[in-house]
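Student: Sequence first, then the predicted structure:
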Amino acid sequence: MAKKISKRKQALLEKIDIDKSYSIEEAVKTVKGLKSAKFDETVELALNLNLDPRHADQMLRSSVVLPHGTGKKVTVAVFAKGDKIDEAKEAGADIIGDDELLAKIQDGNIDFDIVIATPDMMGVLGRVARVLGPKGLMPNPKVGTVTPNVAEAVKNAKGGQVNFRTDKKGNIHAGIGKVSFDEKKIEENLRVFLEKINKLKPASAKGKYILNGALSLTMSPSLKLDTQELVDVK
């Protein structure tokens, strides 16, 4: 039995062409008109890459700082020692890690969005790796969250850094802004994200790199993107 489509979703579907491959400019303009929720919906990008993440060199994991931020307020926790604690505080860190915070994490009490650590603190954080890892919060040098430069890492996290990784099927999902952003800001964020993805194309990746792309809001149907244009963003 076919699932009944709600009136809200039906109204949104009437605003788009499900068979069309939208240009980036068209997609951004159209997705802005799909706002239907009472909250400030996230503009979400989904990509399917022609990669096999079972091969280590084809597992993409990195980060990018969007020029206009994500529109999301981010709570940052930092694990550091000595002078690095003061650097983290001055940069705007919300929580400075200590034994008390480690105990809270072990109990499953997590009230932060990103964890940053200096390299000399990773041994200590190993005690909570089983808690942070599955939640995608374990610091990692590939996304810049294990670094001696905690001030820069905190500023990036607060300023719109997006961490991403391919899943088992080569998919990447990322929030690239809010529907309240103007079209130019959404488009610039999207292009910067795509530039990063294209720069990370593994040498071993053969054939078409980006197989599919889609843009949507938190509560909207997806718009299919012109994959050739996505690949051409450099």
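Tutor: Alright, I've got the coordinates. Numbering: from 1, shown residues only.
Student: Going by residue numbers, what spans are strands in this protein?
Tutor: In the chain, the strands defined using DSSP state E lie at 42-49, 61-65, 76-79, 95-96, 114-117, 161-165, 171-178, 210-217, 223-224.
Student: now the angle between strand 161-165 and the second one, please.
Tutor: For strand 61-65 against strand 161-165, the angle between stretch directions is 160 degrees (axes from the mean of the first three to the mean of the last three Cα atoms, to 10 degrees).
Student: Contacts for stretch 227-234, please.
Tutor: With Cβ atoms under 8 Å, 6 or more residues apart in numbering as the test, stretch 227-234 has contacts from 21, 23-24, 47, 191, 194-195, 198, 208-213. To be clear about C-beta, it is placed using only N, CA and C from the backbone, and glycine gets the same treatment.
Student: Can you tell me which of those are buried?
Tutor: Buried subset of the contacts of stretch 227-234 (neighbour count, 16 or more other Cβ atoms under 10 Å): Ser21, Ile24, Leu47, Arg191, Leu194, Tyr209, Ile210, Asn212, Gly213.
Student: who does the longest helix belonging to the chain touch, helix- and strand-wise?
Tutor: Identified as the longest helix of the chain according to DSSP state H is helix 183-199. In this structure, helix 183-199 packs against helix 24-32, strand 42-49, strand 61-65, strand 171-178, with contacts taken as 3 or more Cβ pairs under 8 Å, 6 or more residues apart in numbering; DSSP states H and E.
Student: Of the ones you listed, give the one that comes closest to Phe164.
Tutor: With distances scored as Cβ to Cβ, the stretch of the helices and strands packed on helix 183-199 nearest to Phe164 is strand 171-178 (5.1 Å).
Student: How far off centre is that closest one?
Tutor: Counting by Cα atoms, centre = their mean, to the nearest Å, strand 171-178 is centred 5 Å from the centre of its parent chain.
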